[in-house]
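Novice: Mind looking at a prediction? Sequence and model below.
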Amino acid sequence: MRRFRVRVNGKEYDVEIEEVSSQTQVQQTVSEAPETPVAARKTEPVKKVEEVKRSEPEVDERPSQSGDNGGTNVVSPMSGTILEVFVSVGDSVSVGQKLLILEAMKMENSILAESSGMVQQVKVRKGDNIDAGETMIVLGS
């Protein structure tokens, strides 16, 4: 018989496990560890735990979203500071063109156009702090 003290979510349990051969059944008992001696502790049988399969939430990792005015919003993928803006209202942009540089966690991130079009609005300036999901530029067709 082997004893182990296990802590789960802040509760302490004493667990006794008996080693047996593969032909006999394993007997396990679990008891909470209050301040009473081991011999006086109440034992509870181990309950079978089934694995729960969790479905991963779908995450849209694209920084562009459809705007209210029919244009495409280029949104910030993370919180950070605008270091440089390369476009202005009326500029024509193509797919993959660098729109601005966003600094986050001491790293410079180039934000590229995911669709071609004309810049309708530039909602950020150099030095602005921006939150994740905030619209930075609106592109139209």
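Specialist: Received, thanks.

Novice: separation between Gly80 and Met105?
Specialist: Distance from Gly80 to Met105, counting by C-beta to C-beta, to the nearest Å: 8 Å. For glycine as for every other residue, the C-beta is placed from the backbone atoms N, C-alpha and C.

Novice: Look at the two and report which has more neighbours.
Specialist: Gly80 (21 against 8; other C-beta atoms under 10 Å).

Novice: Can you give me every residue that contacts the more buried one?
Specialist: Gly80 sits next to Leu102, Glu103, Ala104, Met105, Asn109, Asn129, Ile130 when contact means C-beta atoms under 8 Å, 6 or more residues apart in numbering.

Novice: Tell me the pLDDT of it.
Specialist: Looking at Gly80, its pLDDT reads 94.

Novice: Need the nearest residue in space to it, chain neighbours excluded.
Specialist: Ala104 (3.4 Å; C-beta to C-beta, 6 or more residues apart in numbering).

Novice: Low-confidence regions, this protein specifically.
Specialist: Along the chain, segments meeting pLDDT under 70 span 21-70.

Novice: how's the chain carved up into domains?
Specialist: When the chain is parsed with automatic domain parsing, its domains come out as 2-45, 64-140.

Novice: which of those domains sits most buried?
Specialist: domain 64-140 (a mean of 15; mean count of other C-beta atoms under 10 Å).

Novice: where's the nearest residue to Thr72 once chain neighbours are set aside relative to Ser92, distance?
Specialist: Distances taken as C-beta to C-beta, 6+ apart put Leu139 closest to Thr72, at 4.6 Å, once the chain neighbours are dropped. From Leu139 across to Ser92, the span is 10 Å (C-beta to C-beta).

Novice: quick one on the thing from earlier: could you redo the contacts of Gly80 as a markdown table and give each row distance to Val20 and secondary structure?
Specialist: Listed next are the contacts of Gly80 as a markdown table, based on distance: C-beta to C-beta, whole Å; DSSP: H, G, I helix; E, B strand; the rest coil:
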| residue | distance to Val20 | secondary structure |
| --- | --- | --- |
| Leu102 | 61 | strand |
| Glu103 | 61 | strand |
| Ala104 | 56 | strand |
| Met105 | 53 | coil |
| Asn109 | 58 | strand |
| Asn129 | 63 | strand |
| Ile130 | 62 | strand |
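
Novice: Much appreciated, bye for now.
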